[in-house]
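[1] Just the structure for this:
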Amino acid sequence: MEATVLTRPEAQPLVAEATGMFQEAGEAARVVARQVAANARVAAAIGERLRASPPRAVVTCARGSSDHAATFAKY
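    Take a look at the predicted model:
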């Protein structure tokens, strides 16, 4: 089996702003705001329970990009 190189001579240069990933990243703040609003009551109840009975420890387990989110959560 031979390796082949895929080329697209007719393709335009890639513009970051035109990618789906760029557009999704730009939507993140609105999505998070919507989630916070939709879950405000539940989050407040969880906060009350945690303040009333703080956990002795919190353990995270993650891999890949989730690992970065878990590391950020400790702050």
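
[2] For Ala70, grab the count of nearby residues.
    Residues within reach of Ala70, counting by other Cβ atoms under 10 Å, total 15. The way it works is simple: take the backbone N, C-alpha and C, and place the C-beta from them, glycine included.

[3] quick one: which helix or strand includes it?
    Assessed by DSSP states H and E, Ala70 sits inside helix 65-73.

[4] if you average pLDDT over that helix, what comes out?
    Mean pLDDT, helix 65-73: 84.

[5] what's the longest helix in the protein?
    If you go by DSSP state H, the chain has its longest helix at helix 20-38.

[6] ok, back up a step: same for the helix holding Ala70, what does it pack against?
    Helices and strands touching helix 65-73, by 3 or more Cβ pairs under 8 Å, 6 or more residues apart in numbering; DSSP states H and E: there are none.

[7] got the contact list for that helix?
    If you take Cβ atoms under 8 Å, 6 or more residues apart in numbering as the criterion, helix 65-73 is touched by 60-62.

[8] Mind checking which of those are buried?
    If you count burial by 16 or more other Cβ atoms under 10 Å, none of those comes out as buried.

[9] Mind putting the residues you listed into CSV with pLDDT and secondary structure?
    Shown next, in CSV, are these (pLDDT from 0 to 100; DSSP: H, G, I helix; E, B strand; the rest coil):
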residue, pLDDT, secondary structure
Thr60, 88, coil
Cys61, 87, coil
Ala62, 86, coil
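
[10] Go through those residues and say which is closest to Thr19.
    Nearest to Thr19 among the contacts of helix 65-73: Ala62, at 25.6 Å, using Cβ to Cβ.

[11] Kindly provide the distance from that closest one to Gly26.
    For Ala62, the distance to Gly26 equals 25 Å [Cβ to Cβ, to the nearest Å].

[12] can you give me the angle whichever strand or helix holds Ala44 makes with helix 20-38?
    Ala44 is part of helix 40-52 when elements are defined by DSSP H and E. If you take axes from the mean of the first three to the mean of the last three Cα atoms, to 10 degrees, helix 40-52 sits at 70 degrees to helix 20-38.
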